Every structure is written in C-alpha cells, then in structure tokens.
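Enquirer: Structure for this input, please:
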Amino acid sequence: MTWFVRIPPSTETLPSPPDGRLPHGFAVELAADTHRSHDGHLMLGGSPPRLMRVTPTAVRLLEDGGFVVTDATSAALARRLLDAGVAHPRPELQPVRDTTVAIPVRDRADQLDALLAALRADPPTADLPVLVVDDGSRNPGALARVARRHGARLLVHAHNLGPAAARNTALRHARTAFVAFVDSDVVPEPGWLTPLLAHFADPAVALVAPRVVALPVPAPGLFDRYEEVRSPLDMGVREGPVVPVSMLSYVPSATIVVRRAAVGAGFAPGMRVGEDVDLCMRLHAAGWRLRYVPSAQVGHRHRTDLRSWVAQRAGYGTGAADLALRHPGRVPPLYAAPWSLAACALLLRAKPLPAAAALALTAATAVKVTRRMPDADHPARAGTLLSLAALRGTAEQLLRCATRHHWPVAVAAAAVSRRARYVLLAAAVAEGLADHRRSRTTLGPLAHTAVRRLDDLAYGWGVWQGALRRRTAAPLVPRLALSTRGRPARRPWEPRPVAPTSRQPVQATVEPW
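Expert: Below is the predicted model of the structure:
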C-alpha cells in the first residue's frame, strides 16, 4: 500500500513541556570537569563556561558530588545544574517499552537487512514495532521482502521526498510514547536503547541521542581512518545537554529517540540538509531538554570514497544558510567576546605595540573576572587562567574560520598580501597538527592535516553555495558573546524556565567573560 505525504504548512511551533519538575528519586552527579572552590560555594563548568555561586543548602546537597531529588529545593538545584551542564543525570535503567523504531530508507536493501537483523537479535528491541518508510526506492520489491522477513511494517512514498518527510510519515503512524529514528546505514550495538530511554524519566526531556561511531572495515583507507576520529556524526565522548551555541549544539538524526508528544509534526519536511539541527533548535526554544549519551553507541557506515565524501561535506555546508535564516544568531561560525577578538586582531599584527595592547586587554579582563569571584580559592590565578583560556579559544575559532567558513575570503586576502599568505599557511598547518594531536588518529600528521583541510574546503564551499542561493550572509556572520553582571537575561538559545520555585539554591550564574 502507498501513502502520499502532504508537506504541512509549518513545523516551527512546538508544544512546551507540560511539567518540568524533576521527580523524586531522580539522581544527578557533578560533571568530572566541573571545578569547585574548597568551600563548595563557587563552581565553574558547562559550555560555554559558567560561574555559579550556590547557597549553603546546595553545598550540603553536593557534598558527595551528587544527590537525589527529594523536595522542591533539590529539584530546582538539579534542574539548574543540568541546564548549565555542570552536572549530569543518573537515571535508573528501566525495561524497554512503549517505543517504535522508525527507519527511513531509499534502496539499500542489504543495509536495511543488517539493521533489522541487529534489532531483532538484541533482546530489548527484539519485539518492538518497526516502521520502515520506503522513500521512493528504484527497487521497492527488495525492501518489501526484507521488511516482511523481519516482521517490520512498510510504508511507501511513491516519490522521493527526503529523509525528513520519511521520518514524519513514520511519526504519524507510530502509536507509542517514544519513537527511535534509526537510519538504514546504522547498526546499533547491543543494549543501545535502554540507557537512552532512561533519560525520559525527566519529564522535560524531548530527545536523547547515542554516540555514532564508525563501523569497522577490513582494510581501512585514508578516509576510513579520518572518519574514525572526525566524522561529523560523532559528537565525541563527553556527555551533556544539547544547547545551541555550545560544544554540543545539535545531535545528528542518524539515530535519535524522541518523545512523540514533544515533536509535533516532526522534522521540517522542506529541509533535505540540517533538518536534525533545526529540530534540536526548535525543541530547545520550546523549553524542552535534549541529552547526548555517548555510553550508548551505534555503528555507522561512513562514506569514504573521495567523490561521495566531498559531496557529503559540501552538502552539509549548504544547509547552514537555511538554518541561519530559520534560527538567527544560533549557528554562528564564531562565538567570542569582543575583547578576545580585539586581542587576537592585535596579536596578528605581530608588532610590539599591538602585542602590548593585546596583553593589556587580557590583563584588564583577568582583573574583571577576578573581581567577580573574590571568594575563589585563588582569585587572581583563576581570573588569569580563565582569561587566557578565553583568548586561546577565540584564537582557535579564528583559525577554523579562516580555513573553513571564510576560506574564500582568506584566500583572496592571501592573493594580495604576503603577510596574509604566511598567516593563512601557518594557520592551516598549525590547526591541522594540533587537531592531529588531539584526535589521536592512526593517520600521520601530514596526511591528517591534508584531509582536514579538504574537509574544510568542501564544507566551506557548501556554506558559500547555500548563502549565494539564499542571497544571505547570515551563515558567515560571527556572533559576539555579551554578558551582564549577575545573572544574565534569557538569550534566544537558552531554554524557557520550567518548574519555578521560591527557594532558589543557586544565587547567581555568570559567564565570566
């Protein structure tokens, strides 16, 4: 039977969480990279880094590094810590239930067969309902045979409408509280779904994602080994909340689990690229929470032949314009404080007086940060280290912009300026070598640097293509990080507050730069 999909007029507005109060018995644990003063009243962590000053009650609750929600005060503290990224949820595992697996696919019958076999072989998912959406395959009979063999229900699009529309078709036919979207080129590891579903014990959580890692290949080539450490689908080993303009600004839809009541009509059907980023941002804007759980893993067949690999990277880049127009200010190529940008610009002059001015800017910021935390263990040292870390972060972002989003501008500047040529060459090599060291890849430093630059060239070219097609510079415009003294006002990328309480265990939250 064939279902014809009508694109809904709008998927912008999503419902807000009906109740964001964390239930009694919900456990949280401070993140390993959260720094606390000796007396426990001052904490620094999250992304972007936030300085939090907490009450004596909160200090007592956090004495052992975590606590269990027992009342309104502990629930409010847990919510603030989770939203800031300085703590992580530790929900109890429950049996897998009330979940539908949805698989959008076009051809790829052999990959669908491997995915369905893995789902049926894993006890927690063996008996779950599975919806396979054939999105206009050239050989629909092969997919139908595979779906029938594994007991999956098949929905058919007469024409190819794209992965977003295919997922929405499955969403409309699902009857369970949760839907796990799994792409056909994915093979989940045993037990992958249980830890993801556990996070929905938080009633404000709408989406949870596992880590997407490369499936092993018998004889890995150049691009196979690069994808093992730098796949755009692999969000890394650090768990945390998914928040726009942070280290975890989105999660890919290769595998995600959603609360059906939260996502409305689902993905934006008109978007063939970036529909997962768009959904993450719309959910966050509506006040829902999103989590990334790398302890759950799925394997993915990455593209590793040169032509399709470059085309994929460029294709990802073309989606930046649509995302920037739909979500102004939330997908900037660079996000940094004005003082750090000015300091980096002065340092690029490579002359004594500008360098001295950059040093003065950094010192002034260190003094400002120090004054904001006089109760730190070593205020001056902490202020200095934080300011230097901010300066370093901005410098790294500028390097990435020069070789990724803005490389056409950088190349044009290099064509007319010898200094620009030297700076661009040094940036391209230095960033590649630094990334090689961080990634711990099996590739040699020069090979890794060369592939990374090709990665950036392809993606940046896609960004410019999308910007020209949409006639907008939005995906190329950096964003300034502007903070206020005390608790900042809610910004466009911050979630709407939930579960207000009169007893606030967090006295102030400040981004120190």
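
Enquirer: Quick one: distance of the longest strand anywhere in the chain to the chain centre.
Expert: If you go by DSSP state E, the chain has its longest strand at strand 289-300. Relative to its parent chain, strand 289-300 has a centroid offset of 11 Å by C-alpha atoms, centre = their mean, to the nearest Å.

Enquirer: Tell me the strands beside that strand, with direction?
Expert: Strand 289-300 sits in its sheet next to strand 186-188 (antiparallel), strand 205-214 (parallel), strand 240-241 (antiparallel), going by DSSP bridges.

Enquirer: So for residue 333, which of those strands sits nearest?
Expert: Within the strands paired with strand 289-300, the stretch nearest residue 333 is strand 240-241; the backing value is 21.7 Å (C-beta to C-beta). C-beta here means a position set from N, CA and C on the backbone, and glycine is covered the same way.

Enquirer: ok so, going back, helix or strand right after the longest strand of the chain?
Expert: helix 306-326 (DSSP states H and E).

Enquirer: All the helices of the stretch 401-513 of the chain, in order from the start?
Expert: 407-416, 418-439, 445-470 (DSSP state H, counting those that start in this stretch).

Enquirer: and residue 319, which of the ones you listed is closest to it?
Expert: Between residue 319 and these, the tightest spacing by C-beta to C-beta is seen for helix 445-470, at 6.6 Å.

Enquirer: Check which residues of that closest one are buried.
Expert: In terms of neighbour count (16 or more other C-beta atoms under 10 Å), helix 445-470 has its buried residues at 447-467, 470.

Enquirer: Can you check what angle separates it from helix 418-439?
Expert: Here helix 445-470 runs at 110 degrees with respect to helix 418-439, directions being taken by axes from the mean of the first three to the mean of the last three C-alpha atoms, to 10 degrees.

Enquirer: now helix 445-470 and helix 407-416, what's the angle there?
Expert: Here helix 445-470 points in a direction 110 degrees away from that of helix 407-416 (the same axes, to 10 degrees).

Enquirer: For stretch 113-126, which outside residues touch it?
Expert: With C-beta atoms under 8 Å, 6 or more residues apart in numbering as the test, stretch 113-126 has contacts from 95-96, 101, 103, 128, 130, 132, 146-147, 149-152, 182, 184-188, 190-194.

Enquirer: next one: stretch 132-141
Expert: Contact with stretch 132-141 is made by 102-107, 109, 112, 116, 143-144, 147, 152-163, 165-167, 169-170, as judged by C-beta under 8 Å, 6+ apart.

Enquirer: redo that, cut-off 6 Å
Expert: For stretch 132-141, contacts defined as C-beta atoms under 6 Å, 6 or more residues apart in numbering pick out 103-104, 106-107, 143, 147, 152, 154-157, 159-160, 166, 169-170.

Enquirer: now stretch 230-244
Expert: 85, 88, 212-213, 248, 251-252, 254, 280-281, 290, 292-294, 300, 302, 330, 493.

Enquirer: Now with 7 Å, please.
Expert: The contact list for stretch 230-244, computed with C-beta atoms under 7 Å, 6 or more residues apart in numbering, reads 82-83, 85, 88, 211-214, 248-252, 254, 280-281, 284, 289-294, 300, 302, 316, 330, 439, 452, 493.

Enquirer: filter these to the buried ones?
Expert: Among the contacts of stretch 230-244, those classed as buried by neighbour count (16+ other C-beta under 10 Å) are 82-83, 85, 88, 211-214, 248-252, 254, 280-281, 284, 289-294, 300, 302, 316, 330, 452, 493.

Enquirer: Would you mind measuring from residue 170 to residue 420?
Expert: Going from residue 170 to residue 420 by C-beta to C-beta, to the nearest Å gives 50 Å.

Enquirer: now the longest strand of the chain: mean pLDDT?
Expert: In this model, strand 289-300 carries a mean pLDDT of 97.

Enquirer: Ok, stretch 347-357 next?
Expert: Averaged across stretch 347-357, the pLDDT comes to 92.

Enquirer: Thanks a lot, catch you later.
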